[in-house]
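Colleague: Quick one: sequence and predicted model below, then my questions.
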Amino acid sequence: FWQNVKMGPADPILGVNEAFKKDTHDKKVLVGVGAFRDDNGKPLVLTAVRKAEELILKQNLDKEYLPIIGLDSFNKAAIRFAYGSQSAPILENRIAITQSLSGTGSLRIGAAFIERFMPKGTKVYVPKPTWGNHLSVFSDARVETCEYRYFDPKTNGLNIVGLLEDLNNAPNGSVVLLHGCAHNPTGVDPTQDQWAQILQVVKNKNLLPFFDVAYQGFASGDPVRDAYSLRLFTDAGLQVMLAQSFAKNMGLYGERIGSFSIVCATPEEKDCVLSQIKILVRPLYSSPPLNGARIAEKVLNDPELNKLWLVELKAMADRIINMRQLLRSYLENDFKSTHDWSHITNQIGMFCFTGLSPAQVDRLKDEFHIYLTRNGRISVAGVNTKNAKYIAEAFHQVTK
Ligand code: LMR
């Protein structure tokens with residue numbers, strides 16, 4: 001049956017993990033996939049999450065199927081967390097929401113919804129560059145993507161002129177994918193003033209904003225601040241779509257917890273949209289996972305756990321900010337690198353787009369056993385006080 005099936009390439013991000021595991025060198029470093037690590041390089045389970053698990057265990061709950069759209073108390077809390085509890089679309093009961101399989105699963109439902117309900121040939125504009133999986137998610141859902149200019153390699157910052165020009169030239173009614181905060185892979189976000197300019201073009205061109213918010217709280221340590229762009233758009237009355245993930249900010253990676261939501265014009269429209277989301281989800285995976293939803297619901301809704309979580313979230317964000325400073329300082333002060341490394345501390349969120357070329361990335365792997373994606377992105381979460389100097393020295397060696 002399968003003799004014509006050819007070997008496919010490894011995933012550009014998750015494949016890095018596989019190569020890392022095979023390496024037996026004692027100084028090997030993994031700064032590939034975006035997953036938080038503590039200062040010993042170990043995965044972290046938050047105390048708020050552990051406490052939520054204890055509460056759930058004590059309740060002795062059953063393991064029945066969730067409804068197609070998931071746990072109601074989770075969904076309600078998730079939209080309050082993203083849009084703000086006093087936001088008009090929540091108060092007016094016009095957000096269609098479904099719990100879904102973290103960021104990717106939410107995006108996939110959004111892509112399927114676009115494919116089914118938007119005019120044939122509608123394109124999704126994605127930033128150049130964007131998270132590699134965005135392109136696969138949309139193409140597997142048979143939705144065409146187009147790039148808009150985003151990152152400027154000359155400044156290691158945002159190409160706002162190119163971005164606005166490209167969105168202005170998009171056909172009216174196109175979809176525009178926006179990273180709500182902590183852009184992946186570049187770590188470059190628009191300023192508040194630039195968001196206002198983007199909003200203006202989106203309005204003028206009647207574009208449909210599809211927000212991907214996978215790092216709320218991870219960019220600044222403050223989830224409200226990180227929701228700025230999303231809330232700016234919804235406060236301006238725009239009907240957005242949102243893919244939301246709790247993988248990073250709650251450390252619930254393998255629990256696959258997120259949500260997909262659509263802001264509608266009226267509660268009646270919301271009911272119709274939600275009925276169609278259910279029809280899409282049922283043949284895809286029937287219903288979402290129960291355990292992580294219970295955990296996330298408790299962390300969001302229990303005032304004490306919520307307070308504890310916000311402190312822990314800030315601590316995770318702060319550790320990454322400190323590691324950015326440490327890495328830059330080793331490069332500039334210890335190794336006297338003459339390159340401009342200011343982008344390491346200027347960029348935000350989990351990732352730093354180092355500017356290293358694929359050839360330099362290969363040297364890092366072959367000579368120093370440092371593993372990152374070939375686009376030069378490092379997950380700063382993989383940097384710690386024990387390996388920062390080694391990483392900095394390696395960066396210096398390959399850029400001399
Ligand atoms: C990443 O970009 O490393 C994360 O979003 C994890 C993933 O699934 O790619």
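Modeller: Noted; the coordinates are in hand. Since we're looking at a predicted model, the values are computed, not measured.
Colleague: Would you mind listing the buried residues in stretch 219-229?
Modeller: Of all the residues in stretch 219-229, those buried under the rule 16 or more other C-beta atoms under 10 Å are 219-221, 223, 226-229. Every C-beta, even on glycine, is put in place using the N, C-alpha and C of the backbone.
Colleague: Repeat that for stretch 310-322.
Modeller: By neighbour count on 16+ other C-beta under 10 Å, the buried set for stretch 310-322 is 310, 312-314, 316-317, 319-320, 322.
Colleague: does Tyr148 sit in a helix or strand, and which one?
Modeller: Element membership for Tyr148, per DSSP states H and E: strand 145-149.
Colleague: mind saving the C-alpha coords of stretch 340-353 as PDB?
Modeller: Extracted as PDB, the C-alpha positions of stretch 340-353 are listed here (Å, rounded to 0.1, in the frame of the first residue of the first chain):
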ATOM      1  CA  ASP A 340      25.500  45.100  17.700                       C
ATOM      2  CA  TRP A 341      23.700  42.800  20.100                       C
ATOM      3  CA  SER A 342      21.200  45.300  21.400                       C
ATOM      4  CA  HIS A 343      18.300  43.300  19.800                       C
ATOM      5  CA  ILE A 344      18.800  40.600  22.400                       C
ATOM      6  CA  THR A 345      17.500  42.900  25.000                       C
ATOM      7  CA  ASN A 346      15.200  44.900  22.800                       C
ATOM      8  CA  GLN A 347      13.200  42.000  21.600                       C
ATOM      9  CA  ILE A 348      10.600  40.500  23.900                       C
ATOM     10  CA  GLY A 349       8.900  37.300  24.900                       C
ATOM     11  CA  MET A 350      10.300  33.900  24.700                       C
ATOM     12  CA  PHE A 351      12.300  34.200  21.600                       C
ATOM     13  CA  CYS A 352      15.300  36.200  20.300                       C
ATOM     14  CA  PHE A 353      15.900  36.400  16.500                       C
END
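Colleague: State the mean pLDDT of stretch 60-69.
Modeller: In this model, stretch 60-69 has an average pLDDT of 98.
Colleague: residues in contact with it?
Modeller: Stretch 60-69 has contacts (C-beta atoms under 8 Å, 6 or more residues apart in numbering) with 75, 97-99, 274, 277-278, 281-282, 286-290, 293-294.
Colleague: let's go with 10 Å and repeat that
Modeller: 72, 74-75, 96-100, 259-260, 274, 277-282, 284-291, 293-294 (C-beta atoms under 10 Å, 6 or more residues apart in numbering).
Colleague: For ChimeraX, write the select line for the buried members of the residues you listed.
Modeller: Buried residues within those, by 16+ other C-beta under 10 Å, are selected in ChimeraX with:
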select :74,75,96,97,98,99,100,259,260,274,277,280,281,287,288,289,290,293,294
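Colleague: Next step: the contacts of stretch 60-69 restricted to strands.
Modeller: Judged by DSSP state E, strands contain the following of the contacts of stretch 60-69: 96-100, 259-260.
Colleague: This structure against the ligand: which residues are in contact?
Modeller: Applying C-beta under 6 Å from any ligand atom, one finds that the chain approaches the ligand through 13, 33-34, 131, 133, 184.
Colleague: Which of those fall within helices?
Modeller: If you go by DSSP state H, these have Asn133 in helices.
Colleague: Now the residue of the stretch 151-300 of the chain found nearest the ligand: closest residue in space that isn't a chain neighbour?
Modeller: Going by C-beta to the nearest ligand atom, the ligand is nearest to Asn184 of the stretch 151-300 of the chain, at 5.2 Å. Once flanking residues are discounted, Asn184 sits nearest to Trp131: 4.6 Å by C-beta to C-beta, 6 or more residues apart in numbering.
Colleague: Also Leu14?
Modeller: That would be Val33: by C-beta to C-beta, 6+ apart, it lies 6.3 Å from Leu14.
Colleague: isn't that neighbour right up against Lys21?
Modeller: No: Val33 is beyond contact range of Lys21, at 11.9 Å (criterion: C-beta atoms under 10 Å).
Colleague: Comparing these two, which shows the higher neighbour count?
Modeller: Counted by other C-beta atoms under 10 Å, Val33 and Lys21 do not tie: Val33 has more neighbours, with 20 against 11.
Colleague: Looking at the buried residues of stretch 219-229, which are in strands?
Modeller: Per DSSP E, strands hold no members of these.
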